[in-house]
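Enquirer: Need the 3D shape of this:
(3 chains)
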Amino acid sequence: MIIDHPLLGPRDSSEFVYLGDAALIDRPDWQVENAAEAFYDYAYLRGNPAGEHRELWFHESGDRSWLVVTRNTVTHEISKVELARDVARAQGRSK
Amino acid sequence: MHDLVAITALGGTDPQVDSVGTVTCSEVPGVALASVAVRLGKEQEATAALAELTGAPAPGVGRFESKQIASIWIGPDQWLVEAPFETHENLADQAKAATGNAASVSEQTDAWARFDLIGSGVLAVLELLCPLDTRRMVEGDVARTSIHHLGCFILCRASEQFSVYGPRSSAGSLHHAIVTAMKSAL
Amino acid sequence: MTQGNRLSGGQIDRNTTLSFKFDNRSYTAHPGDTLASALLANNVRLIGRSFKYHRPRGLLTAGSEEPNGIVELRTGNRQEPNTRATTIEMFEGLEARSQNRWPSLKFDALAINDRFSNFLTAGFYYKTFMWPAAFWEKLYEPMIRRAAGLGSLSMQEDPDECDKGFRHCDLLIIGAGPAGLMAALTAGRAGADVILADEDFALGGRLNSESFALNDGAAADWAAQAVAELSALPNVRLMPRTTVIGAFDHGIYGAVERTGDHLASLPAGKPRQILWRIYTKRSLLCAGATERPIAFENNDRPGIMLASALRTYANRFATTAAQRVAVLTNNDDGLRTAADLHAKGVKIAAVIDVRPDAPINHDYEVLRGAQVSDTKGRLGLSFVEVALADGSIRTLECGALGVSGGWNPNVHLTCHQRGRPVWNDDLAAFVPGTDLPPGLSVAGAANGAMSTHGALRSGAEGAMKALDLKGSLPDLPAAEDAPASQTPFWYVQGCSRAWLDQQNDVTVKDVKLSHQEGFRSVEHLKRYTTLGMATDQGKTSNMGGLAIMAELAGKSIPETGTTIFRPPYTPVPIATFAGRMKGKEFHPTRLTPSHHWAKERGAVFVEAGNWLRAQWFPLPGETHWRESVDREVRQTRASVGVCDCTTLGKIDVQGSDAAAFLNRIYCNGFAKLAVGKTRYGLMLREDGMVMDDGTAARLGEDHFVVTTTTANAVSVYRHMEFVRQCPFPDMDVQLISTTEAWAQYAIAGPNSRKLLQKIVDPEFDISNEGFPFMACANITVCCGLRARLFRISFSGELAFEIAVPSRYGDALMRRLMTEGEEFHVVPYGTEALGVMRIEKGHAAGNELNGTTTALNLGMGRMVSKKKDSIGSVLSEREGLNEPGALMMVGIKPLNQEDKITAGGHLMEASGPVDAAHDQGYVTSAAFSPTLECHIGLGFLKNGGARQGEKMRLVSPLTDVTIDVEIVSAHFVDPEGERLRA
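Expert: Residues are numbered from 1 along each chain as shown, chains lettered A, B, ... in the order given. The predicted structure follows:
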């Protein structure tokens, strides 16, 4: 597979390491009332779509960026690649 | 001055040189390296300091500059500075002094082993080593990729002149892969 | 007589004669020959025995689709089984042997199988070897293995190497026949970056096999001119002898280039084959078509071949399978074979044309509306029995029969991403569908353009379309443009022992039987009969089987469907996939800075991930590893020892949020750690399990050096980058690995400070007051070399870790040894390191095994509840905090002599021994020279409250049961006085 890195252009997927669902960006707040439940969902529950899937890839043999890759799990077509940090910020995450 | 004798990444006291056909692979131990990573919100300050230190503007994505001190883009807001070891063994201290609180600096001198690959036919060697299209690389291009499962930087210094930086502890495996590819391709 | 079947002409170099051996007999050939053409030229028709029935077999084809002509090539450790004689390029001294026969090819003992063919039909194995089950392993399997199978392995290491490589192009053209060459000319002249790959050593495809003209010259001459023009274009790379084996995601193609298989011996350093990964913007499949046979009774005798193959052998290789040849065809293309052979002086016995209106020829007899009803001949074809249109039988004498049932486009690569071919009624064949791999288009015969003109034209058009070129088509050479309609004719009615798949010995009868037994899906048919499952993957047999199945089911062929084509297109040796990654190059090796010194000392090394670490340092006279390890432990605890611990991961963590970041990734607190101090850190996964442990040394307000375990260095770094970039993108923290940059040595034992004082520059106070337990500092050693010093201990002794730039690591180790002589300093390896950490009760990889929590490790209280850290919330789950939770304990045998077994389970002193009564298990065990007995660490239910309890340690695997006592995990210096000394 080829991942079109937003900074570096098309690169072989062998340079990357796969993590999983991009929902892992949305780590729950540890102080909310139902934190245990929220973390349970976060750690264990994932969608498994036959179709478009947003997933996290790490450019380990590259620039060490985490990427959010939108990939069709049926056709392997990759429709979008973003820097995870930009995605996280756009989702309002900070520190 | 201390009295400990350095060895090269390949374990010798002198750098190793291998020639096959028209291509030469030289171990280059005489470089000092330091990483310079911009602190949050200090992009302008840090890049200005880096430019001051190196004598060239901070290079953009996938590029490097080589003036008095070379600067190599290695990731978002992160560069490697490179200078002769002889004169810049304390390069990390210089970089830290130059950038202050605008950047995080780490000594990287012995994190890497450098091999210079020079000569006509070098592209035929590189295509056995890494998935990059090195035919399309021009002077000043740099990319990190995988060679023999090792994360390496490939720098195009001029036409048919490349530097490969690989992890120092695996210098032997990297060197073996390069020389094997040279014998195969040339 | 040598080369008695040579004809005139051909593309062989008659000026050079090569000698080769087949089954130990010597023959001659010429450059340009394949092994197959050379055998035919020498009148050798019998090449091997079939897989199941051991029937005599010869060549069916002249290309890579060959099912029958497979041989063992070369000798000794270069012996290669199952190579196709049709693709082996002749070289001087070639040696090949027939396969699957004993004692000889002409008399084969297992040919008796053919007499029992009624028992060896479809599903034979499933039906016969079902009962009794116990017989399978001991009797049936070895028996089948002896009888079946094809070539044999040398069982020696392959001395040759293969390479892997990567190429990029705008347009990859797969196949260099008329379509491929015309496409390459079109794209190449337009300046595109083109790769043209073909499996053959001569580019040109069928142009090299035909007698017709292109423009005014021979087709092969036009091909040679095209190749010459392309060779001169710098933007075109020609890759002959290269099979594109698969179409993968996003325009990536796999290709195998046979760089050395045609050479008598490989030049030093050169690869036999290269597995290329080709990155393409666009690709054009010009793979041509494969002729299909017609099934009839006893159609597998040596000499019965595809008509196009006979033509290839005659026109390209100047050879014929026999001096008297018949042709069976259902289409005009088959007639070309008769005409070409006749023109070369071969006697045509007759053309058997199943069409009642077949064209008449004045040079030889054409039997219209006739079919082949049977054949005869013991080790090769002698007679063909023809059922004439009027129902009478006529026997023709001939040594070869060319069979043409029409052509199937080679659609394989179009299906590699689950695309399905579609049925074309005019061609009576499958052509590429619309669901092609992205970026791929198809031209020429592969796309159903069967005439030469059609192929040339579609090649040019395909290239223009793929590259989006404007303008008119380039000039095409004048070429034949015969209409290409085909009327299907799959098999002669009434035949039974008529072979479809010759390699796996599948007959028309087998297909009928499987239908009768209820196998309706084409995928089931394939697996039940093994049709198309041999090394040729049914290139000449699948269509026939499918057609018969469709007929039996009363359905059309497209309704019946096809099986899925998968990579590789033709077989690839495992060695080619392995490439250079074998033996010690299987993975990169990481050497520690003291490696060369350790090797000089005679150290024994152990692999730890990719690292090679010194395991122990034997002294002369030591005969058992325990002697060395016990000595290293005793001497370290008595005086001082040095160990290379560079392999631990080191990550520089800097930034104004560095401390806050460590607070997130470690479950314990780091915000208040003073500059110049080091702290143990425990890292959890988000599910609350322990991920890793290590230390973080605060070198500055905003600068930490974090260590990880050797095994987890890479994954911890990745995890830290994830935390920094994903959930907390605005933390001001920067990371970089410095593992390789620093050589780091542990110096442990009561004399460690004294030894260090000899090398640390005097301005640095390393006394207990000036540099207490857990201190860290930037210092200099040996008169000014920058270094880092940490007072941390893994052994439980007074200990330090010192780091210098890696290039000086070798010299520092030698210096420590010299300076330490007065203290009898001892280098120790990973075994002694492990013994000492077990004695001290430090958890390591065996305990941090992914299933244990901080609580299990006795560090439950370290998990801070006052801050947010990865894993803290889920570590509080009820199930992980039950009163009886596993806790780390020490284990000692009651009988001093007994050995603790890692992996053994703890059971009550009495009572049943079973899983239901399992109390815990042992994770680490060693002989402790300090306690002079075996000791262990393990996890025990409610272990914290069970010290002093007598239990049984049971290891059913090694059949060991011993009595043990549960003790504190801290066997040595439980109060920690030594390490604070």
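
Enquirer: how long is stretch C:951-971 from one end to the other?
Expert: When the termini of stretch C:951-971 are compared using Cα to Cα, to the nearest Å, they are 18 Å apart.

Enquirer: any idea how far that stretch is from the chain center?
Expert: Offset of stretch C:951-971 from its chain centre (Cα atoms, centre = their mean, to the nearest Å): 43 Å.

Enquirer: In that stretch, which residues are buried?
Expert: Residues of stretch C:951-971 classed as buried by neighbour count (16 or more other Cβ atoms under 10 Å in any protein chain shown): C:M951, C:R952, C:L953, C:V954, C:S955, C:I962, C:V964, C:I966, C:V967, C:A969, C:F971. For every residue, glycine as well, the C-beta is placed using N, CA and C.

Enquirer: CA atoms only for the longest helix seen in chain B, dumped as CSV, please.
Expert: Across chain B, the helix with the greatest residue count (assigned by DSSP state H) is helix B:171-185. Presented in CSV, the C-alpha positions along helix B:171-185 are these (Å, rounded to 0.1, in the frame of the first residue of the first chain):
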residue,chain,number,x,y,z
ALA,B,171,26.4,-0.1,11.3
GLY,B,172,27.8,-3.6,10.5
SER,B,173,24.5,-4.8,9.2
LEU,B,174,23.9,-1.6,7.2
HIS,B,175,27.4,-1.7,5.8
HIS,B,176,27.0,-5.3,4.8
ALA,B,177,23.7,-4.5,3.0
ILE,B,178,25.3,-1.6,1.1
VAL,B,179,28.4,-3.5,0.0
THR,B,180,26.3,-6.5,-0.9
ALA,B,181,24.1,-4.3,-3.0
MET,B,182,27.2,-2.7,-4.6
LYS,B,183,28.5,-6.2,-5.6
SER,B,184,25.2,-7.2,-6.9
ALA,B,185,24.4,-4.1,-8.9
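
Enquirer: hmm, who's touching that helix?
Expert: For helix B:171-185, contacts defined as Cβ atoms under 8 Å, 6 or more residues apart in numbering or on different chains pick out B:9-11, B:16, B:18, B:20-21, B:23, B:25, B:27, B:113, B:115, B:117, B:121, B:124-129, B:147-148, B:150, B:152, B:164, B:166-167, C:161, C:163, C:268-271, C:580, C:585, C:588-589, C:591.

Enquirer: Most distant residue from the centre of chain A?
Expert: A:E33 (26.6 Å; Cα atoms, centre = their mean).

Enquirer: Next, find the distance separating the most centrally placed residue in chain C from chain A.
Expert: By Cα atoms, centre = their mean, chain C has its centre lying nearest to C:F577, at 4.7 Å. To chain A, C:F577 is 14 Å away according to Cβ to the nearest Cβ, to the nearest Å.

Enquirer: is it true that that residue touches C:L275?
Expert: Yes - counting by Cβ atoms under 8 Å, C:F577 touches C:L275, with 6.5 Å between them.

Enquirer: gap between the longest helix of chain B and the chain center?
Expert: Distance, centroid of helix B:171-185 to centroid of chain: 18 Å (Cα atoms, centre = their mean).

Enquirer: Got phi/psi on C:P974?
Expert: Main-chain dihedrals, C:P974, degrees, to the nearest 10: phi -60, psi -20.

Enquirer: Look up the closest residue to it, ignoring the ones flanking it.
Expert: C:S968 (5.9 Å; Cβ to Cβ, 6 or more residues apart in numbering or on different chains).

Enquirer: need the contact list for that neighbour.
Expert: Neighbours of C:S968 in contact, by Cβ under 8 Å, 6+ apart: C:G841, C:V889, C:G890, C:Q947, C:P974.

Enquirer: got a winner among the residues you listed for most neighbours?
Expert: C:V889 (26 neighbours; other Cβ atoms under 10 Å in any protein chain shown).

Enquirer: Distance check, that residue against C:S968.
Expert: Applying Cβ to Cβ, to the nearest Å, the value for C:V889 to C:S968 is 8 Å.

Enquirer: just C:A220 next, same as before
Expert: Where C:S968 is concerned, C:A220 sits at a distance of 87 Å (Cβ to Cβ).

Enquirer: again, but for C:N361
Expert: Applying Cβ to Cβ to C:N361 and C:S968 gives a distance of 101 Å.

Enquirer: In chain B, what residue comes closest to chain C?
Expert: B:K183 (3.0 Å; Cβ to the nearest Cβ).

Enquirer: follow-up on the earlier one: tell me which residues of the helix or strand hosting the residue nearest to the centre of chain C come out buried.
Expert: Using DSSP states H and E, C:F577 maps to helix C:574-578. Buried positions in helix C:574-578, judged by neighbour count with 16+ other Cβ under 10 Å: C:A575, C:T576, C:A578.

Enquirer: What residues does chain A have near chain B?
Expert: A:7-8, A:11-12, A:14-15, A:60-65, A:83, A:85 (Cβ under 8 Å from any Cβ of the partner chain).

Enquirer: So which of the residues you listed are in helices?
Expert: Filtering these for helices - DSSP H - leaves A:R85.

Enquirer: Now, of the residues of chain A next to chain B, which are buried?
Expert: So, by 16+ other Cβ under 10 Å, the buried ones in these are A:7-8, A:11-12, A:15, A:60-65, A:83, A:85.

Enquirer: ok, and of those residues, which contact chain C?
Expert: Of those, the ones that also sit near chain C (Cβ under 8 Å from any Cβ) are A:D12, A:E60, A:R64, A:S65, A:L83, A:R85.

Enquirer: would TSV of these with pLDDT and distance to C:N208 be doable?
Expert: Below are these laid out as TSV (pLDDT from 0 to 100; distance: Cβ to Cβ, whole Å):
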residue	pLDDT	distance to C:N208
A:D12	95	36
A:E60	95	48
A:R64	96	52
A:S65	97	51
A:L83	98	53
A:R85	97	57
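
Enquirer: Return the closest of the residues you listed with respect to C:A466.
Expert: A:D12 (22.2 Å; Cβ to Cβ).

Enquirer: residues in contact with the closest one?
Expert: So A:D12 contacts A:M1, A:I2, A:I3, B:P131, C:I252, C:R277, C:Y279 (Cβ under 8 Å, 6+ apart).

Enquirer: Chain A: which of the buried residues of stretch C:951-971 is nearest?
Expert: Nearest to chain A among those, with distances taken as Cβ to the nearest Cβ, is C:A969, at 29.4 Å.

Enquirer: before we move on, which element is that closest one in?
Expert: Going by DSSP H and E, C:A969 is not part of any helix or strand.

Enquirer: what's the nearest residue to it if we skip its chain neighbours?
Expert: In space, C:A969 is closest to C:G841, 3.3 Å off (Cβ to Cβ, 6+ apart).

Enquirer: just checking, that neighbour touches C:V967?
Expert: No - between C:G841 and C:V967 there is no contact under Cβ under 8 Å: 9.8 Å.

Enquirer: Show me the common contact partners of the two, please.
Expert: Counting by Cβ under 8 Å, 6+ apart, the common neighbours of C:G841 and C:V967 are C:G890.

Enquirer: Which strand or helix spans the residue most central in space within chain B?
Expert: Among the residues of chain B, the one closest to the centroid is B:Y165, at 4.7 Å (Cα atoms, centre = their mean). In this structure, B:Y165 sits in strand B:161-167 according to DSSP H and E.

Enquirer: who does that strand pair up with?
Expert: strand B:112-118 (antiparallel), strand B:150-158 (antiparallel) (DSSP bridges).

Enquirer: gap between the first one and the chain center?
Expert: The one in question is strand B:112-118. Worked out by Cα atoms, centre = their mean, strand B:112-118 lies 7 Å from the chain centre.

Enquirer: For it, give me every contacting residue.
Expert: B:8-10, B:23-29, B:31, B:33, B:125-126, B:153, B:157, B:160-168, B:170-171, B:174-175, B:178, C:740.

Enquirer: Also the last one?
Expert: When contacts are taken as Cβ under 8 Å, 6+ apart, the neighbours of strand B:150-158 outside the stretch itself are A:60-62, B:64, B:66, B:72, B:74, B:80, B:112, B:116, B:126, B:130, B:132, B:134, B:137-146, B:162-167, B:170, B:173-174, C:588.
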